[in-house]
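> got a predicted model here, sequence first, then my questions.
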Amino acid sequence: MRFANTANMQVASRYAVIDFIPPVGPIRLTVRWPRPPQQVTLVPSNAPLATRWEAGLLHVTVPEVAIHEVVVE
């Protein structure tokens, strides 16, 4: 799963400078997952994520996305 923070995305037709992108989060995810994961990590921040797996569903909370992050098993 990939996340890109577009909270302050340029939408004007003319060029404008954006010097601050506010972080977003927490983001709660529920995805179908066939088995309990060994470890789930947020990349590139390299932070381990707490998970809950039950009945084929993986529940993950990404605490914050500054610019971009990827959730990997």
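Structure received. Numbers count the residues shown, from 1 in each chain.
> who's T41 bridged to?
According to DSSP bridges, the residues that bridge with T41 are P48, V72.
> mind listing what it touches?
47-49, 71-73 (CB atoms under 8 Å, 6 or more residues apart in numbering). Every residue, glycine included, has its C-beta placed from N, CA and C.
> tell me the phi and psi of P22?
Per-residue torsions, P22: phi -70, psi 140 (degrees, to the nearest 10).
> can you check the pLDDT for it?
The per-residue pLDDT reported for P22 equals 85.
> how long is stretch 57-73 from one end to the other?
Chord length of stretch 57-73, first to last residue, is 14 Å (CA to CA, to the nearest Å).
> which residues sit against it?
Taking CB under 8 Å, 6+ apart as the rule, stretch 57-73 contacts 1-5, 21, 23-33, 37-45, 49-53.
> let's go with 7 Å and repeat that
For stretch 57-73, the surrounding residues in contact (CB atoms under 7 Å, 6 or more residues apart in numbering) are 1-5, 21, 23-33, 37, 39-43, 45, 49-52.
> quick check: buried residues in stretch 25-35?
W33 (16 or more other CB atoms under 10 Å).
> show me which of the contacts of T41 are buried.
The buried subset of the contacts of T41 - by 16+ other CB under 10 Å - is 49, 71.
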